[in-house]
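Chemist: Let me see the structure of the following:
(chains A, B and C)
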Amino acid sequence: MEGAGSREYRKGLWTAEEDRILMDYVKVHGKGKWNRAAKVTGLRRGGKSCRLRWMNYLSPSVKRGAFSEEEDDLIIRLHKLLGNRWSLIAGRIPGRTDNQVKNHWNTHLSIKLGVKKGKSKISSSKSSKKMEANFDTNLSSNDRLIPSNKTETELQNVIEDSHEKEIEITSMHEPILTSDCYENFWLFNDDSYLYTPSLMELLDE
DNA sequence: AAATCACGCAACCGCAGTGAT
DNA sequence: TATCACTGCGGTTGCGTGATT
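Modeler: From the prediction side, this is the model:
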């Protein structure tokens, strides 16, 4: 069995046995250190593959089954606002992973809404990636609203630059998002921003 | 019944960010 | 400060399966 190439990582679908081994590892050691998990358990899988399998399938918090009307509606609204930032969108939908949301959008919702499939300027632009990183930082920490390596002005420039691009995109479908709306959205300082009245009002617009 | 097609989803890939040393 | 390992993200690919011919 340990022939040539035995150190190569296995690819393709996970077997029930591999799932069980990974579950056992997480039970004992917890999440994280996925590369170590691959070595310790003897799974011939890369750390990234282990992480993905846990996050998208094995984790007890993952909700299986069809998306509800409410979930569809929320995804559509958030996608209007955020573009292809699937992890952010998924973070607002309990039990759903970014992969699930992304697949659901690409296979159902984009067709339903008549959105042409293609690379999003929003998500592929370097500025938006940076902005997103900053955005995530803001989400995870109350005391670091502005990243230490950016002044407020610089951050504002990045946001406004992104606004122009996003508005350009979103206006193709529903030109309702003004820069004021975005400011209200981006410049929050509360982890529970999704459920704040201002954002919900914004979504309802 | 067999072959082909279309769709949905799981998984992979490449890149960027972050933290440890 | 530089480097490396690890993690996380979005885009894309390809397999499995059900529908259609």
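Chemist: So A:Gly65 versus DNA strand B, what's the distance?
Modeler: Look at A:Gly65 and DNA strand B: by Cβ to the nearest atom of the strand, to the nearest Å, they are 9 Å apart. Using the backbone N, CA and C atoms, a C-beta is placed for each residue, glycine as well.
Chemist: how close does that residue get to A:Asp73?
Modeler: The spacing between A:Gly65 and A:Asp73, counted by Cβ to Cβ, to the nearest Å, is 17 Å.
Chemist: and those two? which has more neighbours close in?
Modeler: Neighbour count, other Cβ atoms under 10 Å: between A:Gly65 and A:Asp73, A:Asp73 has more, with 13 against 6.
Chemist: roughly how far apart are that one and DNA strand B?
Modeler: In this view, A:Asp73 and DNA strand B are 17 Å apart by Cβ to the nearest atom of the strand.
Chemist: Then A:Ser49?
Modeler: For A:Ser49, the distance to DNA strand B equals 3 Å [Cβ to the nearest atom of the strand].
Chemist: by contact count, what packs against the helix or strand containing that residue?
Modeler: Here A:Ser49, judged by DSSP states H and E, is contained in helix A:47-53. Counting contacts by 3 or more Cβ pairs under 8 Å, 6 or more residues apart in numbering; DSSP states H and E, helix A:47-53 packs against helix A:16-29, helix A:34-41.
Chemist: try it again with 7 Å
Modeler: Applying 3 or more Cβ pairs under 7 Å, 6 or more residues apart in numbering; DSSP states H and E, one finds that helix A:47-53 contacts helix A:34-41.
Chemist: Poorly predicted segments of chain A, please.
Modeler: Within chain A, the ranges that satisfy pLDDT under 70 run A:1-8, A:113-205.
Chemist: Looking at the record's assignment, how would you partition it?
Modeler: Partitioning chain A according to automatic domain parsing yields domains covering residues A:16-58, A:64-118, A:119-205.
Chemist: Quick check on A:Gly32: phi, psi?
Modeler: For A:Gly32, the backbone dihedrals (degrees, to the nearest 10) come out as phi 100, psi 170.
Chemist: So it versus DNA strand B, what's the distance?
Modeler: A:Gly32 is 12 Å from DNA strand B, by Cβ to the nearest atom of the strand.
Chemist: what's the neighbour count on that residue?
Modeler: Neighbourhood size, A:Gly32 [other Cβ under 10 Å]: 12.
Chemist: Let me see the contact set for it.
Modeler: Listed by Cβ atoms under 7 Å, 6 or more residues apart in numbering, A:Gly32 has no contact partners.
Chemist: can I get the CA coordinates of stretch A:31-39 in PDB?
Modeler: Output of stretch A:31-39 as PDB, limited to C-alpha atoms (Å, rounded to 0.1, in the frame of the first residue of the first chain):
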ATOM      1  CA  LYS A  31     -10.300  22.900  15.500                       C
ATOM      2  CA  GLY A  32      -7.200  24.400  13.900                       C
ATOM      3  CA  LYS A  33      -3.800  23.100  13.200                       C
ATOM      4  CA  TRP A  34      -5.100  21.300  10.200                       C
ATOM      5  CA  ASN A  35      -1.800  20.400   8.800                       C
ATOM      6  CA  ARG A  36      -1.000  18.800  12.000                       C
ATOM      7  CA  ALA A  37      -4.300  17.000  11.900                       C
ATOM      8  CA  ALA A  38      -3.400  15.500   8.600                       C
ATOM      9  CA  LYS A  39      -0.100  14.200   9.900                       C
END
